[in-house]
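Chemist: Here you go, sequence then predicted model.
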Amino acid sequence: MRIIEVVADAGHTDSLSGIARQHGALDLWWSARADDGRRAFRILVSAEQRQAVVDALQSLIGSEEGARILILPVDAVLPQAGDEEPGGRKTVSATREELYAQIERGARLDSNYLWMVLLSTLVAAIGLIEDNVAVVVGAMVIAPLLGPNIALAFATSLGDNALLWQSFKTELAGLGLALGVSLLIGVLLPLDLDSHEILARTDVGLDGVVVALASGAAAVLSLTAGLSTVLVGVMVAVALLPPTATLGLMLGSGQQSLAAGAALLLAVNVVCVILAAKLVFLAKGVKPRTWLEKRQARQSTTTYFILWAVLLAILVGVIYLRSHLR
């Protein structure tokens, strides 16, 4: 459940009441009229209602100066009124706007992101060199590279070119920094090529493709359902930074063959996360509000879905050839 708080001109009282009734809101109340003529309305809605209510509110007051729409969490309601679909099946689904706010934060290219990439790369590199699985898992949990990949899939679902470009730049900056740092470490420090943690990230099979696809889908499902704790498991299952660090270490130490395997694993994980996220956003019906934006999003979805599917097919072909040429 959520409370949708609307701050708008008091003259919209009847219209807002009508929206609440039309979409079956659980409750509606409002404050006294302020000196500036505005009034605060609060609409209590269930999970399945809130996207439709938010869309209706944006159509009514979205372009009105001074109007605000806020989506507030609800910890509990007494008497209880669970978020259930007909038949008793529980459902929790974030709105497009809530997803955007959460996903966009993970795609920001700022000093915090770069520091997270730098520190997690150092942690991953040390864990790989020392063959310490606990340290490598620590780098996986930090997982700064996961956010831009999910944001790429989300941006194409909405046809949002600004978010798409922002995510792409953030992804390239993160991968470039991680690769540069790990390459320098590979040049300066001796490596134990018998390290299990290193060797495990210099090869990938078809089972790795399945794991990456399933983990990418789970990441988006956890976001749309509001189950952020699931993301920790996803970060470990489909880690992007340890393969990047392994690639840099192998390049720095002159191990071209092992570097190629690490690069293939990294490419598979990136493509699978984006493709799986794209499919889940599509299945969840994540799309823009207006018809023009929806048309642009359909074109974007088709183009990028074909692109990522072709890339995955190429990678699967490379994996198959590598396994049969040994």
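Modeler: Arrived safely. Numbering: from 1, shown residues only.
Chemist: where does residue 190 fall, helix, sheet strand or coil?
Modeler: Three-state call for residue 190 (DSSP: H, G, I helix; E, B strand; the rest coil): coil.
Chemist: How much space separates it from residue 240?
Modeler: As judged by C-beta to C-beta, to the nearest Å, residue 190 and residue 240 stand 26 Å apart. Yep, even glycine has a C-beta here, placed from its N, CA and C like the rest.
Chemist: Likewise for residue 206?
Modeler: 19 Å.
Chemist: Residue 106 too?
Modeler: For residue 106, the distance to residue 240 equals 13 Å [C-beta to C-beta].
Chemist: Give the residues shared as contacts by these two.
Modeler: Common contact partners of residue 106 and residue 240 (C-beta atoms under 8 Å, 6 or more residues apart in numbering): residue 146.
Chemist: of the two, who's got more company?
Modeler: residue 240 (25 against 20; other C-beta atoms under 10 Å).
Chemist: Would you mind confirming that that one makes contact with residue 271?
Modeler: No: the pair residue 240 / residue 271 is not scored as a contact, 11.1 Å apart, by C-beta atoms under 8 Å.
Chemist: Any stretches of the stretch 151-300 of the chain with poor pLDDT?
Modeler: For the stretch 151-300 of the chain, the stretches flagged by pLDDT under 70 are 226-238, 289-294, 296.
Chemist: can you pull out the helices in this protein?
Modeler: 13-22, 47-61, 96-105, 111-130, 133-142, 146-158, 161-188, 196-199, 206-225, 230-237, 241-252, 256-283, 291-324 (DSSP state H).
Chemist: Same list (the ones you listed) but as CSV, adding mean neighbour count.
Modeler: Below are the helices of the chain laid out as CSV (neighbours: other C-beta atoms under 10 Å):
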stretch, mean neighbour count
helix 13-22, 16
helix 47-61, 19
helix 96-105, 18
helix 111-130, 20
helix 133-142, 18
helix 146-158, 27
helix 161-188, 18
helix 196-199, 18
helix 206-225, 19
helix 230-237, 17
helix 241-252, 28
helix 256-283, 22
helix 291-324, 14
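Chemist: Out of those, which is closest to residue 1?
Modeler: Residue 1 lies closest, by C-beta to C-beta, to one member of the helices of the chain: helix 47-61, at 6.8 Å.
Chemist: So which elements touch that closest one?
Modeler: strand 2-9, helix 13-22, strand 68-73, helix 96-105 (3 or more C-beta pairs under 8 Å, 6 or more residues apart in numbering; DSSP states H and E).
Chemist: If we use 6 Å, what do you get?
Modeler: Counting contacts by 3 or more C-beta pairs under 6 Å, 6 or more residues apart in numbering; DSSP states H and E, helix 47-61 packs against strand 2-9.
Chemist: buried ones in the strand it packs on?
Modeler: 2, 3, 4, 6, 7, 8, 9 (16 or more other C-beta atoms under 10 Å).
Chemist: pLDDT (mean, whole number) over it?
Modeler: Across strand 2-9, the average pLDDT comes to 90.
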